[in-house]
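> sequence? don't have it. structure:
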């Protein structure tokens, strides 16, 4: 056979023409080719220098430094069904278990929980010949549909009424039953104020273990009893302490990279024996009502944010009170004097990590998009269907913001009246 490269001019034209209907299919057939790189006629990879960034609404190319690409290429790829699916990993007969107790604030995995599960995967997958499984112990009803993508192999859900709210003694009794039933090689809990730090220290006392707190790094060490060494933050986070990894560890946020390349078969498990009755000496009286207006933006879980497109400010403030949301604003709204400076969201204001961020009349400047990149769900209400905030949003409503908020408030008030009548 000849070693001379044979050109296909038609396929080369299709690879360069991103508007051609066979463009994505052609790139998928060409090894290593993407929408911004393709194999040239001389056998060398050619790259499009203009592929970085995206075209803004004014026709100018913009660079997205928020970590979320605002172009439509990913949406088109998902629509065409060419998005790669993560390979499924199933551990049928694990050599050992790594037990993780996530905080599950609001019934969903937090960013801290996902980092902790990434750390658990390091421990479970260290030895390919004797692979372990990650067991997640979840209290209450969870609403997270991404447990498989987070790296969980076994799921123990304890949703009895006695575990709801602040119930450290009941939860501690359940964790002791888990330890007696399966004897996990490692226990991992988040060192966080949401409950993991307190529960982890209680569990350490009950197990008779000296826990490692403030863990932020793991290293393999054959001289350690469990084969690992951990680095902890100590002395008010001014000193790093290196010690052998004990059986129980409380890890900080960003202790490891979350699972991003695989998905795991989440098999539900149950305890072999019923839980013993616990002597509960703490009564949970419920959450203390807090005025959303007094919550700092960096700590708020539900933010209603206004931009230059808001004209009815009285209706906006009323909607925030009815929805129980913390008010935020874009820089334009703050500069115009409609909101206080401490309510500004964005890279030049406050970086927020709300579970729900409702943007009303905000076009989506790059500084604003940077400030909301850690938000779980973004909902946008805007008149311009081509603005960058609409492209960033998980749910978009195209329409007048005043009328949409008015209808939303009416639905919420109607639902509350129906619940009161039913009670």
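Nice, thanks for sending it over. The structure presented is a predicted model; accordingly, all values stated were derived computationally and were not measured.
> make it CA atoms for all contacts and neighbour counts henceforth
Noted.
> per-residue pLDDT, the residue nearest to residue 239 when sequence neighbours are not counted?
Nearest non-adjacent residue to residue 239, counting by C-alpha to C-alpha, 6 or more residues apart in numbering: residue 233, 5.9 Å away. As summarised for this prediction, residue 233 has a pLDDT of 86.
> so what are the sheet partners of the helix or strand encompassing residue 233 and their directions?
Counting by DSSP states H and E, the element that carries residue 233 is strand 228-234. Using DSSP bridges, the strands paired with strand 228-234 are strand 212-220 (antiparallel), strand 239-244 (antiparallel).
> how are the helices of the stretch 51-200 of the chain distributed by residue range?
73-80, 111-124, 147-150, 168-182, 196-207 (DSSP state H, counting those that start in this stretch).
> who's in contact with stretch 413-423?
residue 322 (C-alpha atoms under 8 Å, 6 or more residues apart in numbering).
> mean confidence for that stretch?
86.
> what's the most buried one of the helices of the stretch 51-200 of the chain?
Highest mean neighbour count of those: helix 111-124, a mean of 24 (counted as mean count of other C-alpha atoms under 10 Å).
> other residues contacting that one?
Applying C-alpha under 8 Å, 6+ apart, the external contacts of helix 111-124 come out as 96-98, 100, 102-104, 131-134, 150-152, 188-190, 251-259.
> repeat that for stretch 128-145.
91, 94-102, 104, 107-109, 117, 120-121, 123-125, 151-161, 163-164, 171.
> are any of those buried, and if so which?
Among the contacts of stretch 128-145, those scoring as buried are 91, 96-102, 104, 108-109, 117, 120-121, 123-124, 151-158, 163-164, 171 (criterion: 16 or more other C-alpha atoms under 10 Å).
> where are the low-confidence patches of the stretch 101-250 of the chain?
The stretch 101-250 of the chain contains no residues with pLDDT under 70.
> sorry, back to before: highest mean neighbour count out of the strands paired with strand 228-234?
Ranked by mean neighbour count, the strands paired with strand 228-234 are led by strand 212-220 with a mean of 20 (mean count of other C-alpha under 10 Å).
> for the longest helix belonging to the chain, list every residue counted as buried.
Secondary structure of the chain per DSSP state H: the longest helix is helix 401-422. Using 16+ other C-alpha under 10 Å as the test for burial, helix 401-422 gives 401, 402, 404, 405, 409.
> cool, stretch 339-346 as well?
Within stretch 339-346, the residues that count as buried by 16+ other C-alpha under 10 Å are 339, 341, 343, 344, 345, 346.
> next one: the fifth one from residue 100, what distance?
Which is residue 345. To residue 100, residue 345 is 34 Å away according to C-alpha to C-alpha, to the nearest Å.
> now swap in the third one and tell me
In this view, residue 343 and residue 100 are 36 Å apart by C-alpha to C-alpha.
> so who does residue 174 touch?
residue 275.
> adjust the sequence numbering to begin at 319 for everything that follows.
Sounds good: first residue 319 from here, last item residue 492.
> can you list the domains in the protein?
Per automatic domain parsing, the structural domains of the chain span 327-398, 406-586, 610-740.
> give the contact list for residue 651.
Counting by C-alpha under 8 Å, 6+ apart, residue 651 makes contact with 624, 625, 626, 657.
> mean confidence score for the helix or strand containing it?
Here residue 651 sits within helix 649-653, counting by DSSP H and E. Predicted confidence along helix 649-653 averages 93 (mean pLDDT).
> again with stretch 696-704
Taken as a whole, stretch 696-704 has a mean pLDDT of 92.
> in it, what counts as buried?
Neighbour counts over stretch 696-704 (16+ other C-alpha under 10 Å) mark 696, 697, 698, 699, 700, 701, 702, 703 as buried.
> before we move on, which element is the first one in?
This means residue 696. Using DSSP H and E, residue 696 falls in strand 695-700.
> buried ones in whichever helix or strand comes after that strand?
Toward the C-terminus, strand 695-700 is succeeded by helix 706-710 as the next helix or strand (DSSP H and E). Of the residues in helix 706-710, 706, 707, 708, 709, 710 count as buried by neighbour count, 16+ other C-alpha under 10 Å.
> residue contacts, the closest residue to the first one other than its chain neighbours?
Read it as residue 706. Leaving aside its sequence neighbours, residue 706 sits nearest to residue 682 (C-alpha to C-alpha, 6+ apart; 5.1 Å). Residues near residue 682 by C-alpha under 8 Å, 6+ apart: 705, 706, 707.
> a markdown table for these, including distance to residue 545?
Converted to a markdown table, the contacts of residue 682 look like this (distance: C-alpha to C-alpha, whole Å):
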| residue | distance to residue 545 |
| --- | --- |
| 705 | 52 |
| 706 | 49 |
| 707 | 48 |
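> remind me which residues of the stretch 569-718 of the chain are low pLDDT?
Per-residue confidence for the stretch 569-718 of the chain (pLDDT under 70) gives these ranges: 594-599.
> tell me where it has helices.
Here the stretch 569-718 of the chain has its helices, by DSSP H, counting those that start in this stretch, at 631-641, 649-653, 684-689, 706-710.
> and those helices as CSV, adding distance to residue 734?
Below are the helices of the stretch 569-718 of the chain laid out as CSV (distance: least, C-alpha to C-alpha, whole Å):
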stretch, distance to residue 734
helix 631-641, 10
helix 649-653, 31
helix 684-689, 33
helix 706-710, 30
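> can you give me the end-to-end distance of stretch 662-682?
End-to-end distance (C-alpha to C-alpha), stretch 662-682: 13 Å.
> same thing with stretch 470-490?
OK, stretch 470-490 end separation, C-alpha to C-alpha: 21 Å.
> show residues contacting it.
Here stretch 470-490 makes contact (C-alpha under 8 Å, 6+ apart) with 408-409, 435, 451-459, 517, 520-521, 582-588, 596-598, 600-602, 604.
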